[in-house]
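J.: Kindly return the folded structure for what I paste below:
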Amino acid sequence: MQYIPLFLYSFRWNIEVSYYEQKSFWSLCRYMVRSRKGIEMLVNLINISYCSMKLLPYLEESFSKYRNVSVQEFRLILSGRIRQQVFYVDLVQNIETHIKSNIIIKALSYLCLKQMG
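T.: Residues are numbered from 1 along each chain as shown. The predicted structure follows:
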């Protein structure tokens, strides 16, 4: 009978670890909800994000080398690639509107395609 509180706390511990992971690794520290529907939507968002990070290496061959890394590591790698692509696309768009140099535009377009592949 004296070990029942410890057994029940094991369930609470899993919730605490999940909460810490959401705040730290998924950057949801400013996402605040109060209503039951808001909490359900947050849980659904977290589950969809987690499943996407777990399934993407199996669905997309270019990410297959990340099948055995943690979801947090893969999220950091993927977000870095997204930042690179956004940077290159933004750079090409700004050069197209300001410089109009075909050689630079072609070189940057090639670089963008090489980074994606």
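
J.: can you tell me which helix in the chain is longest?
T.: Of all the segments of type helix in the chain, defined by DSSP state H, the longest one is helix 71-98.

J.: buried set for that helix?
T.: Applying a neighbour-count criterion of 16 or more other Cβ atoms under 10 Å, one finds Val71, Phe74, Arg75, Leu78, Tyr88, Val92 buried in helix 71-98. Quick note: C-beta positions are derived from backbone N, CA and C, even for glycine.

J.: In the protein, what helix or strand scores lowest on average pLDDT?
T.: Taking all helices and strands of the chain together, the one with the lowest average confidence (mean pLDDT, DSSP states H and E) is helix 4-24, at a mean of 70.

J.: which residues are contacting the following helix or strand past that helix?
T.: Next along the chain after helix 4-24, taking DSSP states H and E as the criterion, comes helix 36-59. Contacts of helix 36-59 from elsewhere in the structure, counted by Cβ atoms under 8 Å, 6 or more residues apart in numbering, are 22, 26, 28, 31, 33, 63-67, 71, 74-75, 78.

J.: any idea of the mean pLDDT for helix 36-59?
T.: Along helix 36-59, the predicted confidence averages to a pLDDT of 83.
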